[in-house]
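Visitor: structural data only, the sequence is not supplied:
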């Protein structure tokens with residue numbers, strides 16, 4: 001093992017040891033509600049992550065987190081008809097919820113069983129601008145069932161008008177422009193807070209020898225994740241989310257480490273070592289009861305062995321980089337689709353919602369790429385190298401990204 005590779009591995013271990021244990025790449029602020037409209041009465045169920053409820057200003061003066069959430073929802077969720085407020089007829093109180101979530105239920109009374117209802121939701125948006133609220137509205141039927149329509153609240157779209165159409169189904173009167181704006185900024189927010197996706201884009205800048213080559217690789221990444229984002233969101237493909245998230249971490253580690261390993265012609269040996277480590281990890285996973293499937297472990301081992309032998313030097317790395325970037329883009333696209341799948345697309349505006357969300361992702365990616373194209377080559381090439389240790393800044397950056405990717409893979413596959 002060369003001195004440079006030893007230094008690279010030590011840097012990776014050091015960076016991995018310093019990785020914050022609580023870091024989550026998709027730790028979104030997301031709440032949910034369910035509205036059932038029955039005549040002049042609307043029953044409301046509001047659910048939020050317990051970690052978000054602990055941030056409420058009134059949590060210190062409330063006996064429980066449920067009390068804090070109930071008071072917050074009562075203050076910041078407002079319903080009205082024809083500019084006349086609907087009154088809370090049944091105060092919000094604690095209701096059963098899933099682990100790590102708090103749920104409260106209550107009831108509003110309006111004065112007209114058919115007039116459109118204006119729903120204003122300001123809950124949590126003043127605490128987190130990136131907060132997203134997903135609401136489901138249903139009209140109670142004769143058998144107590146409800147046909148649901150789904151809408152989205154964001155910091156820039158806190159108001160919706162709900163009415164019953166001619167068939168008796170509730171519809172959202174939000175137009176194309178509002179849908180486009182909401183989902184565009186949702187996509188921007190998603191990419192700017194998706195540290196794993198941004199880390200992968202930075203890895204591509206390290207792999208590419210020129211800015212033009214970097215632009216070519218980023219384009220392939222964009223094509224890949226755009227395709228699978230659409231397929232997953234529309235329900236054509238249903239991926240295993242744990243496998244997708246773990247593979248995103250593995251893709252970061254692999255692409256970041258490749259330039260250093262190929263310089264030392266160590267890809268084949270590293271592939272064998274990685275396959276052995278993955279074999280051991282699969283045994284640990286099986287023994288610990290992890291839900292990570294054995295088929296995924298086997299696929300990763302086969303990939304490491306074959307890819308290690310395929311990339312036998314820097315020339316092979318550059319030759320296969322576009323293909324691999326496209327393939328990794330497919331994986332990241334499933335990750336992008338996670339939030340959009342949870343929230344759903346607006347009924348009647350499926351194409352507009354999907355297109356604007358993807359456009360927002362690309363716009364957010366550009367916000368990072370443009371300054372990175374300018375400053376990253378300067379930082380990693382023009383700053384003086386650490387000649388005493390025979391390290392370049394590019395290698396230091398690659399080491400840190402490799403450690404970050406390994407941390408994400410281990411935490412998502414085994415924990």
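Guide: The structure has been received and is ready for your questions. Not measured: the values here are computed from a predicted model.

Visitor: quick one: mean pLDDT over stretch 154-168.
Guide: Averaged across stretch 154-168, pLDDT comes to 74.

Visitor: in that stretch, what counts as buried?
Guide: 154, 155, 157, 158, 160, 162, 164 (16 or more other Cβ atoms under 10 Å). Heads up, the C-betas are built off the backbone N, CA and C, glycines and all.

Visitor: quick check: closest non-adjacent residue to the first one.
Guide: With Cβ to Cβ, 6 or more residues apart in numbering as the criterion, residue 154 has its nearest non-adjacent residue at 5.4 Å, and that residue is residue 182.

Visitor: phi, psi of the one you found?
Guide: Reported as degrees, to the nearest 10, the phi and psi values for residue 182 are phi -60, psi -50.

Visitor: count the neighbours of it for me.
Guide: Neighbours of residue 182 under the rule other Cβ atoms under 10 Å: 27.

Visitor: show me what contacts it?
Guide: Going by Cβ atoms under 8 Å, 6 or more residues apart in numbering, residue 182 touches 152, 154, 156, 157, 174, 356.

Visitor: so which of these belong to helices?
Guide: Among the contacts of residue 182, DSSP state H puts residue 356 in helices.

Visitor: what's the neighbour count on residue 31?
Guide: Residues within reach of residue 31, counting by other Cβ under 10 Å, total 24.

Visitor: residue 360 too?
Guide: When counting by other Cβ under 10 Å, one arrives at 23 neighbours for residue 360.

Visitor: wait, it touches residue 180, no?
Guide: No - Residue 360 is beyond contact range of residue 180, at 9.5 Å (criterion: Cβ atoms under 8 Å).

Visitor: what helix or strand is residue 108 on?
Guide: Using DSSP states H and E, residue 108 maps to strand 101-109.

Visitor: distance from the chain centre to that strand, please.
Guide: Its chain's C-alpha centre and that of strand 101-109 lie 27 Å apart, by Cα atoms, centre = their mean, to the nearest Å.

Visitor: what residues does it touch?
Guide: Residues contacting strand 101-109 (Cβ under 8 Å, 6+ apart): 40-50, 53, 65-66, 69-70, 73-74, 79, 86-97.

Visitor: which other helices and strands does the strand or helix carrying residue 403 contact?
Guide: Secondary structure assigned from DSSP H and E places residue 403 in helix 393-413. Helix 393-413 sits against helix 3-17, helix 195-207, helix 241-263, helix 267-288, with contacts defined as 3 or more Cβ pairs under 8 Å, 6 or more residues apart in numbering; DSSP states H and E.

Visitor: buried ones in the last one, by neighbour count?
Guide: Judged by neighbour count (16+ other Cβ under 10 Å), helix 267-288 contains these buried residues: 267, 268, 270, 271, 274, 275, 278, 281, 282, 285.

Visitor: quick check: angle from that helix to helix 393-413?
Guide: Relative orientation of helix 267-288 versus helix 393-413 (axes from the mean of the first three to the mean of the last three Cα atoms, to 10 degrees): 30 degrees.

Visitor: helix 267-288 packs against which elements?
Guide: For helix 267-288, the packing partners by 3+ Cβ pairs under 8 Å, 6+ apart are helix 241-263, helix 294-310, helix 393-413.

Visitor: can you tell me which residues contact the residue nearest to residue 294 when sequence neighbours are not counted?
Guide: Computed as Cβ to Cβ, 6+ apart, the closest residue to residue 294 that is not its neighbour in sequence is residue 282, at 6.4 Å. For residue 282, the contacting residues are 294, 297, 298, 301, by Cβ under 8 Å, 6+ apart.

Visitor: ok, now which ones touch residue 321?
Guide: 207, 208, 217.

Visitor: next one: residue 31 from residue 69, what distance?
Guide: 9 Å (Cβ to Cβ, to the nearest Å).

Visitor: find the residues that touch each one of those two.
Guide: Residues touching both residue 31 and residue 69 by Cβ under 8 Å, 6+ apart: 46, 48.

Visitor: pLDDT score for residue 176?
Guide: Looking at residue 176, its pLDDT is 71.

Visitor: typo on my end, residue 227
Guide: On pLDDT, residue 227 comes in at 90.

Visitor: neighbours around it, how many?
Guide: 14.

Visitor: list the contacts of it.
Guide: By Cβ under 8 Å, 6+ apart, the residues touching residue 227 are 329, 330, 333.

Visitor: in JSON lines: those, plus pLDDT, distance to residue 103 and secondary structure.
Guide: Shown next, in JSON lines, are these (pLDDT from 0 to 100; distance: Cβ to Cβ, whole Å; DSSP: H, G, I helix; E, B strand; the rest coil):
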{"residue": "329", "pLDDT": "91", "distance to residue 103": "37", "secondary structure": "helix"}
{"residue": "330", "pLDDT": "92", "distance to residue 103": "36", "secondary structure": "helix"}
{"residue": "333", "pLDDT": "90", "distance to residue 103": "32", "secondary structure": "helix"}
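
Visitor: kindly indicate which of those lies nearest residue 36.
Guide: Using Cβ to Cβ, residue 333 comes nearest to residue 36 of the contacts of residue 227, at 35.0 Å.

Visitor: OK, contacts around the closest one?
Guide: For residue 333, the contacting residues are 224, 225, 226, 227, 228, 229, 231, 232, by Cβ under 8 Å, 6+ apart.

Visitor: give me that answer again for 6 Å
Guide: Residue 333 makes contacts with 225, 228, 229, as judged by Cβ atoms under 6 Å, 6 or more residues apart in numbering.
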